[in-house]
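Participant: below is the structure, and that's it, no one-letter string:
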């Protein structure tokens, strides 16, 4: 196993890695909408939070030498299912032709009171 760490995604806010490569599989920890340079929330807006969370996922994937095309599964945790349509609109900009398996779950609360957290699994092709 190999830990993946990049300054282009927020540092872990707990005792975990941004991602772990195990064999050909990359397990990406949940990414919250923090700017990696300032470690602060980008906005209260769900569209901006979704973009930043996906940018953070993308940065970790790229640090592992992969692209979003390698992503096979995405997990999305949101605090308000009424925001689902807006989240999907942003998500579709990152996964246009390639559509990984995905689950979306509404939760009561997320770390640092963000509105969204996104995790992913990617496979080295």
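Facilitator: Everything's here; your move. Please read all numbers here as calculations on a predicted model, not as lab measurements.

Participant: mean confidence score for the helix ranked longest in the chain?
Facilitator: For the chain, the helix with the greatest residue count under DSSP state H is helix 46-63. Taken as a whole, helix 46-63 has a mean pLDDT of 98.

Participant: show me what that helix is packed against.
Facilitator: strand 19-22, strand 25-31, strand 34-35, strand 71-78, helix 84-94, strand 116-123 (3 or more C-beta pairs under 8 Å, 6 or more residues apart in numbering; DSSP states H and E). From N, CA and C alone the C-beta is placed, and that goes for glycine too.

Participant: how about 10 Å then?
Facilitator: When contacts are defined as 3 or more C-beta pairs under 10 Å, 6 or more residues apart in numbering; DSSP states H and E, helix 46-63 sits against strand 2-4, strand 19-22, strand 25-31, strand 34-35, strand 40-41, strand 71-78, helix 84-94, strand 116-123.

Participant: nearest to residue 59, of the ones you listed?
Facilitator: Residue 59 sits nearest to strand 25-31 of all these, at 8.5 Å, using C-beta to C-beta.

Participant: strand partners of the closest one, parallel vs antiparallel please.
Facilitator: Pairing partners of strand 25-31, with direction, according to DSSP bridges: strand 19-22 (antiparallel), strand 116-123 (antiparallel).

Participant: ranking the ones you listed by burial, who's on top?
Facilitator: strand 116-123 (a mean of 22; mean count of other C-beta atoms under 10 Å).

Participant: and the angle from the longest helix of the chain to strand 116-123?
Facilitator: Counting by axes from the mean of the first three to the mean of the last three C-alpha atoms, to 10 degrees, helix 46-63 lies at 30 degrees to strand 116-123.
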